[in-house]
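Peer 1: Got a predicted structure plus its sequence, pasted below:
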Amino acid sequence: MPKNAKPQGSNPPSRNAPPAQTSNPPSRNAPPRTREEEDELALRNRTLSKPSIKALDTLDQLAKHVERLEAQIAAIVPGDPKFKDQIGGLFGTVEKLLEQKIDAVSTTDLQSGKQTARLERKDLVKRTNALLDKLLLLRDSIPAHRPQAATESDVQPVHVYKAPVV
């Protein structure tokens, strides 16, 4: 190969080629970003480290998931037994989201976006705990799930074994 020859496939980008995309592309299922969201993302990418960007993006996705769950829970009619299974399923989903996703977002090693990530994570924890509390209230509003106070007839005598004295 001559000295001035370039290997195939290493041509520099042409002047008319579109600029490289600097922001993360939206996922296939996500709606297109607004101009305001694009501006915010560009600013975030210039001022934050890559780990901070990753953590904040993860927290944003989790916040959208929590919003969808909040909407589903708001649609449940209190006291209606037909929602019993849905309440149980949502409780498991919210609990899993809190324990495996939100708690998994580490903010200790972040530098540039640490404070923002900590505040967003704390807000998500509060919101998911509030959802869990609301689901418990909804479950208890169903007549078959109301806790009943123990009566004397429900209390069984306790037999205590006494070892013989030798």
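Peer 2: In hand now; what should we look at? Numbers count the residues shown, from 1 in each chain.
Peer 1: Would you mind listing the residues in contact with residue 138?
Peer 2: Going by Cβ atoms under 8 Å, 6 or more residues apart in numbering, residue 138 touches 73, 76, 78, 83, 87. Bear in mind the C-beta positions are built from the backbone N, C-alpha and C, glycine included.
Peer 1: And for residue 47?
Peer 2: residue 112.
Peer 1: Quick check: pLDDT value at it.
Peer 2: What the model reports as pLDDT for residue 47 is 79.
Peer 1: and what of residue 36?
Peer 2: So, for residue 36, pLDDT stands at 73.
Peer 1: Tell me which helix or strand it sits in.
Peer 2: helix 35-47 (DSSP states H and E).
Peer 1: cool, residue 86 as well?
Peer 2: Going by DSSP H and E, residue 86 is part of helix 84-96.
Peer 1: The residue nearest to residue 134 when sequence neighbours are not counted: what's it in contact with?
Peer 2: In space, and not counting its chain neighbours, residue 134 is closest to residue 73: 6.0 Å by Cβ to Cβ, 6 or more residues apart in numbering. For residue 73, the contact set (Cβ under 8 Å, 6+ apart) comprises 90, 131, 134, 135, 138.
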